[in-house]
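Undergrad: next come a sequence and a model predicted from it.
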Amino acid sequence: MNYSAAKKKLETLLAGMKRDWQNYAADPDASKRAIHKKADVINTIIQYLNAADRHIALLEGRNIEDQASTYIRDEALETAVLDYFALNIPNTYPLDRISDFCKALHKTGQLDWFKTQFKFYVAFKNITGFKHGFYSFLGTEEKQFADGKWNAFNWEQQLFDHKKKNLNGKNHQRGDTPKTGYGSI
């Protein structure tokens, strides 16, 4: 199977979809959401093909450095992170920073792990109420962002443990008490 050719076709399709999305800017939100969903699916497939291509290259003993450097920007992920940290202002520095962050994680093969971590980080922090600052969440470029709070814990496990504690009715922290429709219990 020629992963590179399939990837090229999908990249072309994705570019066409992005042009379509710009053309449909005046259409209802439903059209935009449908296009974003399709773009997300294509991005996922491209990432899978990139990973498969890297594995095949390793098996064949080819140099994978060039392939790892080709990163297709995941605008949906970048926007989700910026929105979560309320950085949806027209400021290019956070956008450049998250883009550099995603490129670095792509090169080290950790971008998929970050996506999983981010999903559970948001769920955990929405329950507990505390979240880190944007820059401490990402970490430092010098350490390839491995020192960021996104990577400090297995956030899926943290969420599971937190929910388990609450289900058992012990270790309620301040603000963690169950709520009824008519105030606190």
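TA: It's in. Since the model is a prediction, treat every value here as computed from it, not as a measurement.
Undergrad: which parts of the protein are strands?
TA: Taking DSSP state E as the test, the strands found in the chain are 179-180, 183-184.
Undergrad: domain ranges for this structure?
TA: Domain assignment for the chain, taken from automatic domain parsing, gives 1-72, 74-185.
Undergrad: confidence-wise, which of these is weakest overall?
TA: Here the lowest mean pLDDT among those goes to domain 1-72, at a mean of 63.
Undergrad: which ones are touching the nearest residue to Arg97 once chain neighbours are set aside?
TA: In space, and not counting its chain neighbours, Arg97 is closest to Leu138: 6.6 Å by Cβ to Cβ, 6 or more residues apart in numbering. Where C-beta positions appear, they are placed from N, C-alpha and C, glycine not excepted. Residues in contact with Leu138 (Cβ atoms under 8 Å, 6 or more residues apart in numbering) are 97-98, 101, 145, 148, 150.
Undergrad: hmm, 7 Å instead?
TA: Contact analysis of Leu138 by Cβ atoms under 7 Å, 6 or more residues apart in numbering lists 97, 101, 145, 148, 150.
Undergrad: looking at those, which are in helices?
TA: The members of the contacts of Leu138 that map onto helices under DSSP state H are 97, 101.
Undergrad: save the contacts of Leu138 as TSV, and put in distance to Lys164 too.
TA: Formatted as TSV, the contacts of Leu138 follow (distance: Cβ to Cβ, whole Å):
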residue	distance to Lys164
Arg97	35
Phe101	31
Phe145	30
Gly148	26
Trp150	22
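Undergrad: how about the contacts of Leu138 in JSON lines, adding distance to Ile56 and neighbour count?
TA: JSON lines is the format used below for the contacts of Leu138 (distance: Cβ to Cβ, whole Å; neighbours: other Cβ atoms under 10 Å):
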{"residue": "Arg97", "distance to Ile56": "33", "neighbour count": "18"}
{"residue": "Phe101", "distance to Ile56": "27", "neighbour count": "22"}
{"residue": "Phe145", "distance to Ile56": "27", "neighbour count": "21"}
{"residue": "Gly148", "distance to Ile56": "31", "neighbour count": "20"}
{"residue": "Trp150", "distance to Ile56": "29", "neighbour count": "23"}
